[in-house]
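Trainee: Make a model of this:
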Amino acid sequence: MPDTKLILITGRSTEQGTGISVGKAQAEYQEATTVLDLSPADMARLGLRDGDSVRLRTRYGEATVKCRRVELPEGMAFMAFGPATSRLIGGETHASGMPDTKGFEVELERVPA
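Mentor: Residues are numbered from 1 along each chain as shown. Got it, this is the predicted structure:
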């Protein structure tokens, strides 16, 4: 069984930013914030194809999203800020007022079609 742990980086994306302008309830925003970007090597190693559903788990919670292949380093994943990332990120701010949003471990599980 392949190692299903990855390092997740969250942040802004062009699609997510455009979606906010249209409205968070609209399809553009929902689609932009429910996609996990993975490297081609990780997609192959995990037996995933573009559009497959995956469940991500951290010690704080879980979220189910679609995945897609992009150019990223192996072992790293990216997802735009949104409701799904909020379920994965803890509330600890280390007195900064902003929780950790970069470089935390997630476990990925393929969701059967």
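Trainee: you'd agree E105 is up against D3?
Mentor: No: using C-beta atoms under 8 Å, E105 makes no contact with D3, being 11.1 Å away. Every C-beta, even on glycine, is put in place using the N, C-alpha and C of the backbone.
Trainee: Assign a three-state SS to Q30, would you?
Mentor: Using DSSP: H, G, I helix; E, B strand; the rest coil, the structure places Q30 in helix.
Trainee: E74 versus that one, what's the distance?
Mentor: 28 Å (C-beta to C-beta, to the nearest Å).
Trainee: And those two? Which one has more around it.
Mentor: Q30 (16 against 12; other C-beta atoms under 10 Å).
Trainee: For the more buried one, give its distance to S96.
Mentor: Going from Q30 to S96 by C-beta to C-beta gives 29 Å.
Trainee: Give me the nearest residue to G90, chain neighbours excluded.
Mentor: Y60 (4.4 Å; C-beta to C-beta, 6 or more residues apart in numbering).
Trainee: er, D42 actually
Mentor: Distance criterion C-beta to C-beta, 6+ apart; nearest residue to D42, sequence neighbours excluded, is E74 at 5.9 Å.
Trainee: residue boundaries of the strands in this protein?
Mentor: With strands called from DSSP state E, the chain shows them at 5-11, 35-38, 53-57, 62-69, 76-80, 102-110.
Trainee: what's the closest of those to R87?
Mentor: Nearest to R87 among the strands of the chain is strand 62-69 (4.7 Å), distances taken as C-beta to C-beta.
Trainee: what helices or strands is that closest one leaning on?
Mentor: Strand 62-69 is packed against strand 35-38, helix 40-45, strand 53-57, helix 83-88, with contacts defined by 3 or more C-beta pairs under 8 Å, 6 or more residues apart in numbering; DSSP states H and E.
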